[in-house]
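In: Predicted model follows, preceded by the sequence.
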Amino acid sequence: MSLTEKDLFEGLASQKRQFEPGQYLFHRGDPVQRLFRVVAGEVQLVRPQEAGDVVVLQRARTGDVVAEASVFAGTYHCDAIAHTETTVLLVSRDTFLTHFHQNPEFAEAWAARLAREVQLMRLQNEILSLKAVRERLKAWQAWHGDLPPKGEWLHIARQIGVSPEALYREIGKLRR
């Protein structure tokens with residue numbers, strides 16, 4: 001399917017909304033009423049753990065759809081928080097599902113998009129299965145490329161399932 005992310009929402013009734021860093025798009029348990037496509041910025045899907053840690057389930061950036069599988073759920077299973085100043089395009093769930101059911105090309109493109117997300121999640125699981133911090137970091141870099149600025153390293157630690165301190169030590173070792 002050759003439809004781009006932008007094409008998937010082309011022609012659907014939508015509205016733009018801005019979010020400040022730290023502002024919630026939705027909370028875990030909220031009813032699913034709309035889909036969000038990031039126009040600019042970054043939204044993170046997070047799930048707090050009992051021990052107080054936060055697991056980042058998705059880092060949705062420009063062009064990405066936030067919690068795309070939620071369109072088929074009754075409620076959200078995590079929180080969505082603007083990580084940076086973010087602009088999103090909002091499409092109602094009902095509008096989306098009507099278009100999905102009436103347009104086979106759209107449905108196929110959406111299925112292909114979800115399949116790509118499953119592939120990425122499997123890669124993420126592979127990274128988390130690695131034992132050493134060095135192995136996880138190298139696998140993350142093979143996927144994402146160069147490290148972001150130092151202020152973003154905490155997010156990498158969350159993505160690869162290690163403590164920030166362990167990640168910082170490993171980055172220091174690799175730079176020597």
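Out: Perfect, thanks for sending it. Numbering: from 1, shown residues only.

In: Longest helix of the protein, counting residues only.
Out: In the chain, assigned by DSSP state H, the helix with the most residues is helix 104-129.

In: What are the buried residues along that one?
Out: 106, 109-110, 124, 127 (16 or more other Cβ atoms under 10 Å). Glycine gets a C-beta too; all of them are placed from N, C-alpha and C.

In: what about it, average pLDDT?
Out: Mean pLDDT, computed over helix 104-129, is 89.

In: As CSV, the buried residues of helix 104-129 with distance to Ala13 would be great.
Out: As requested, these are arranged in CSV below (distance: Cβ to Cβ, whole Å):
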residue, distance to Ala13
Phe106, 15
Ala109, 19
Trp110, 17
Gln124, 33
Ile127, 38
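
In: which one of those residues is nearest Ala60?
Out: Of all these, Ala60 sits closest to Gln124, with 14.3 Å by Cβ to Cβ.

In: Kindly report the domain assignment for this protein.
Out: 5-129, 130-176 (automatic domain parsing).

In: And the helices in this structure, which stretches?
Out: Under DSSP H, the chain gives helices at 5-9, 93-102, 104-129, 133-144, 153-160, 164-175.
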